[in-house]
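Undergrad: task: produce atomic coordinates for the following.
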Amino acid sequence: MFSLPRPKMAPKTASVLTTDGTDVLIIALATSFTVIGLDNFLYTAPAQFQAGPGSEVLRWACDSLIVTPIFALAVWAAQWIAGRRGIGIAAARDVFARALLITACLAVVMVPIWFGHNWLNDLTQSEPLVPVHVHGKTIGANIHWVSDPVVLTLILVPLLALAGWSGYLIATRLRLRGPKPAIATAKAALIAVLLAVAPVLAWLTQKAADKSNSAQVYATSALLHVHVHSHVLFQNGRLVPLPKGPPVTPAPYEFLYQVAHAFQDGLAGMAIGLPVAIASLAWIARRLPARRNSTNNRHVIPAPLMEVTEQ
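TA: As a prediction, this is how the structure comes out:
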């Protein structure tokens, strides 16, 4: 089911060995359990885990198994792209390149996974459109219990790796003329610019994700009203109705804020997904030569049988 197509132009040498369907499933299982585990950790406060550790562990296992087929599809896509590009698995740089491709594909598929999880938990109805008596960042089911700098650091791990590798690929393909020191400086500057853009992109993603926390609403045509922040109910012994504020409608770009939140969680999960993918691919690379020898030995015809065949 997950067998990868071999690149037509790439020779079958040790530097371009590709993985099979079993290895794709192994990588998918390893990344799904670790990525979902980190995601659940970010959303589950220690006090909540201590209140029901068994249920939290069961939820982690169930969520991981549910997303495993989607992760397998993402890993297969990354391996297919690597095969088409002639990226092998024997060399260390090829392992790193494949792991980055897997990380990028997993971060993308985490977006629909996030929306699916959001829909299953019915979070669109779990928080009010405008939270009561909250000034600043809201508190709800869709909020990390760790601080923003921690989440930002997790996002930067895969982003910096992807930015650095992209800059390296672009720099190696540039054909510049001039003295070698000037060319090397220009290529290094290009890589540095991409690395500098990564923290800005991470910060903007996090700020957009914060806006999605104030309202788990995708779209509505209803005009709602909220009361002005006042506690005066009586005046001169008479009941005074609370004045109404301006109509409240869904925030502009509310869907994009939701996508930013999903992308933020996907990138944060890749902070552990990237090293796990590297470790899985390195382990597979060690097994591939022995597997090839075992496969070749099964196809070798014994000497006595060869003599009988010739006679």
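Undergrad: just the helices in the chain please.
TA: Using DSSP state H, the helices of the chain run over 21-43, 46-51, 53-84, 92-120, 148-173, 180-213, 254-298, 303-310.
Undergrad: mean pLDDT and mean neighbour count added to these, as CSV?
TA: Heads up, the C-betas are built off the backbone N, CA and C, glycines and all. Below are the helices of the chain laid out as CSV (pLDDT from 0 to 100; neighbours: other Cβ atoms under 10 Å):
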stretch, mean pLDDT, mean neighbour count
helix 21-43, 91, 21
helix 46-51, 87, 10
helix 53-84, 92, 18
helix 92-120, 89, 20
helix 148-173, 91, 17
helix 180-213, 88, 15
helix 254-298, 82, 18
helix 303-310, 49, 8
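Undergrad: surely Y168 and L190 touch.
TA: No: at 9.3 Å, Y168 does not count as touching L190 under the criterion of Cβ atoms under 8 Å.
Undergrad: tell me the contacts of the residue nearest to A192 when sequence neighbours are not counted?
TA: Spatially, and ignoring its direct neighbours in sequence, A192 is nearest to G167 (7.9 Å; Cβ to Cβ, 6 or more residues apart in numbering). Contact analysis of G167 by Cβ atoms under 8 Å, 6 or more residues apart in numbering lists 190-195.
Undergrad: how far away is G167 from F115?
TA: 31 Å (Cβ to Cβ, to the nearest Å).
Undergrad: cool, and V24?
TA: 24 Å.
Undergrad: and L288, by the same measure?
TA: Distance from L288 to F115, by Cβ to Cβ: 37 Å.
Undergrad: before we move on, what about A209?
TA: 14 Å.
Undergrad: over to A104?
TA: 19 Å.
Undergrad: swap in A91?
TA: With the distance defined as Cβ to Cβ, A91 ends up 38 Å from F115.
Undergrad: can you check K187 too?
TA: 39 Å.
Undergrad: likewise for S212?
TA: Taken as Cβ to Cβ, the span from S212 to F115 is 11 Å.
Undergrad: overlap of the contact sets of the two?
TA: Common neighbours of S212 and F115, using Cβ under 8 Å, 6+ apart, are Q258.
Undergrad: returning to what we had before: now flag whichever of the contacts of G167 is closest to F263.
TA: Among the contacts of G167, L194 lies closest to F263 (Cβ to Cβ), at 18.3 Å.
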